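K.L.:
attaching a predicted model along with its sequence, questions to come.
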Amino acid sequence: MHDLASPSLRVSRSLTQQDYRTLSLASLGGTLEYYDFIIFVFFAAVISDAFFPPTIPEWLRLLQTFGIFAAGNLARPLGGIVMAHFGDMLGRKRMFALSIALMVFPTLGIGLLPDYASIGLWAPIALLCLRILQGVAVGGEVPGAWVFVSEHVPEHRVGYACSLISMGFVGGILLGSLSATLINSFFTPDQVAVWGWRLPFLLGALLGLVAIYLRRWLQETPVFLRMQAEKKLAKEMPLKVVLKNHRAAVVTSMLMTCLLCVTVIVVALMTPTYLQKQLGVTAALALRANSIAIIAMMVGCVIAGWIIDRIGSGWTMLAGSTLLGTMCFIFYSSIVQDTTMLHPLNLCSFYALTGLSVGVVGAIPSALVRSFPPAVRFSGLSFSYNVAYALVGGITPLVISWWLKSNVMALAHYIMIFAAIGIAVGIYLLFLKPKLS
């Protein structure tokens, strides 16, 4: 019987049926967990009415709700760092299973939580605590999933494997968008406000239980088992090793994460509201175009993962970031300057092409995984990814909201700034740190 932990076999072998099973289960679990985390944003307006005093202005209630949403992102580093530490010391599979279990219970709690009218100020306090627990869970899930699958597949298919996981996370956003659309289509606004908004959270908890069951069939990664057998696990705190010996990798990983974070937040989450508020597009059309763009983004993720396995991180970041910045400028400038672009067919088509270009983010996880040695890989990736995501993810909505007051092209210009950073990282990987490619 072949030893899949063997370094030489891992480089040379093809994907097996077991590999595809692992990728399928991990990707599906990621979709369900990210749905649990993201569904909050689609019902922010209703949640603000339910959990904050009716006497305060509506804009302040909504701001406080988005503040609670941001708290979930700010909690990501805590969960990521703690789970990554034990993932490097005790095993990837245990933490991979724990992250989804941690997501189920706060999601169920939000769905069942009494509102402000029932328990007063305890309602927003409890909502904040549950949201922080969700952030802790997703902080371990995202980097854990990338590390887990990358250590199961052959080295020349790491990009493809990580891109499938990224496609799963994007699929969670799509699932959230579709569930919000269905809830608002089948129930009246009053029904949604009273109890309808709870259904997606209860469904998310149920789907999370399914994901927990599915992950029972996953096996520990061959790479970790080999390190354990050869006694090559980190002998001191993994994060300490990362910050001491791999600072350049941390910086480049954080910069790539910033590009990933900004692009997904702006194109997938903020653009539908921008289309409605700034350009007068109907909610139905904006959500339809958004769903099509997210599907295209999922396809783009897989394409980018396939490409990075063939040409390396440097060229993929350089070319992909250039394409991303160009397509975003064309899309946003076109819909602002030419009203015919707001025709349903034109809007959906150009939004889809933009979503396809956003697929470059599907290559970034592979570059992150390859930035750190196996013994501290989970900790290095998790720290870089979660800290960068918490900081940039927290300020992006605020910066763009402020910038839109004076610049209708703020979304495009903001993405282009980070696309330029992506180009710079690509040049760095190609010419100054070629071993990362």
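P.N.:
Sure thing, it's come through. Residues are numbered from 1 along each chain as shown.

K.L.:
tell me which residues touch the nearest residue to Met317 once chain neighbours are set aside, please.
P.N.:
Computed as CB to CB, 6 or more residues apart in numbering, the closest residue to Met317 that is not its neighbour in sequence is Gly426, at 3.4 Å. Yep, even glycine has a C-beta here, placed from its N, CA and C like the rest. By CB atoms under 8 Å, 6 or more residues apart in numbering, the contact set of Gly426 is Ser313, Gly314, Trp315, Thr316, Met317, Leu318, Ala319, Gly320, Ser321.

K.L.:
let me know the pLDDT of Asp109.
P.N.:
Residue 109: Gly, not Asp. Listed pLDDT for Gly109 reads 93.

K.L.:
tell me the secondary structure for it?
P.N.:
helix (DSSP: H, G, I helix; E, B strand; the rest coil).

K.L.:
so it versus Arg131, what's the distance?
P.N.:
Distance, Gly109 to Arg131, by CB to CB, to the nearest Å: 10 Å.

K.L.:
more neighbours: those two, which one.
P.N.:
Arg131 (25 against 18; other CB atoms under 10 Å).

K.L.:
grab the nearest non-local neighbour of that one.
P.N.:
Excluding its sequence neighbours, the residue lying closest to Arg131 (CB to CB, 6+ apart) is Gly72, at 4.5 Å.

K.L.:
next: Val210.
P.N.:
Per CB to CB, 6+ apart, closest to Val210 is Leu32, 6.9 Å.

K.L.:
so who does the one you found touch?
P.N.:
By CB under 8 Å, 6+ apart, the neighbours of Leu32 are Ile100, Gly172, Gly204, Leu207, Gly208, Val210, Ala211.

K.L.:
was I right about the first one contacting Leu209?
P.N.:
No: contact status for Ile100 versus Leu209: not in contact, 9.3 Å apart, counting by CB atoms under 8 Å.

K.L.:
quick one: Glu141 from Ile212, how far?
P.N.:
12 Å.

K.L.:
which neighbours do those two share?
P.N.:
Ile100.

K.L.:
out of those two, which sits in the busier spot?
P.N.:
The neighbour count for Glu141 versus Ile212, taken as other CB under 10 Å, is higher for Glu141 (29 against 18).

K.L.:
Leu353 and Gly320, how far apart?
P.N.:
Leu353 is 14 Å from Gly320, by CB to CB.

K.L.:
more neighbours: these two, which one.
P.N.:
Gly320 (28 against 16).

K.L.:
phi and psi next, for the closest residue to the more buried one other than its chain neighbours.
P.N.:
Closest residue in space to Gly320, ignoring its immediate chain neighbours: Val360 at 3.1 Å, by CB to CB, 6+ apart. Backbone torsions of Val360, given as degrees, to the nearest 10, read phi -60, psi -30.

K.L.:
Ile364: what's it in contact with?
P.N.:
Ser166, Met256, Thr257, Leu259, Leu260, Met317.

K.L.:
and the second one, which helix or strand is it part of?
P.N.:
Assigned by DSSP states H and E, Met256 falls within helix 247-263.

K.L.:
which residue ranges of the stretch 151-300 of the chain form helices?
P.N.:
Assigned by DSSP state H, counting those that start in this stretch, the helices in the stretch 151-300 of the chain fall at 158-186, 189-191, 198-214, 222-229, 238-245, 247-263, 271-279, 283-337.

K.L.:
from the contact counts, what lies against the fifth one?
P.N.:
On a contact count with 3 or more CB pairs under 8 Å, 6 or more residues apart in numbering; DSSP states H and E, helix 238-245 meets helix 76-90, helix 247-263, helix 377-403.

K.L.:
which residues touch the shortest one?
P.N.:
Contacts of helix 76-90 with the rest of the structure, by CB under 8 Å, 6+ apart, involve 94-96, 98-99, 102, 135-140, 142-144, 147, 233-234, 237-239, 375-379, 381-383, 385-387, 389-390.

K.L.:
at 6 Å instead, please
P.N.:
Where contact means CB atoms under 6 Å, 6 or more residues apart in numbering, the residues beyond helix 76-90 that reach it are 95, 135-136, 139-140, 143, 234, 238, 376, 378-379, 382-383, 386-387, 390.

K.L.:
ditto for stretch 95-102
P.N.:
By CB under 6 Å, 6+ apart, stretch 95-102 touches 29, 33, 83, 86-87, 137, 140-141, 144, 148, 211-212, 215.

K.L.:
with distance to Ile47 and pLDDT added, can I get those residues in a markdown table?
P.N.:
Below are the contacts of stretch 95-102 laid out as a markdown table (distance: CB to CB, whole Å; pLDDT from 0 to 100):
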| residue | distance to Ile47 | pLDDT |
| --- | --- | --- |
| Gly29 | 26 | 77 |
| Glu33 | 20 | 78 |
| Met83 | 27 | 82 |
| Phe86 | 33 | 79 |
| Gly87 | 32 | 79 |
| Ala137 | 19 | 85 |
| Gly140 | 25 | 80 |
| Glu141 | 22 | 81 |
| Gly144 | 28 | 84 |
| Phe148 | 32 | 87 |
| Ala211 | 24 | 81 |
| Ile212 | 26 | 83 |
| Arg215 | 29 | 78 |
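
K.L.:
hmm, which of these are the buried ones?
P.N.:
In the contacts of stretch 95-102, burial by neighbour count holds for 29, 33, 83, 86-87, 137, 140-141, 144, 148, 211-212, 215, counting by 16 or more other CB atoms under 10 Å.

K.L.:
measure Phe249 to Leu368 for me?
P.N.:
I think there's a mix-up here, since residue 249 is Ala and not Phe. Distance from Ala249 to Leu368, by CB to CB: 9 Å.

K.L.:
more neighbours: the two, which one.
P.N.:
Leu368 (29 against 21).

K.L.:
list the contacts for the more buried one?
P.N.:
So Leu368 contacts Ser253, Leu381 (CB under 6 Å, 6+ apart).
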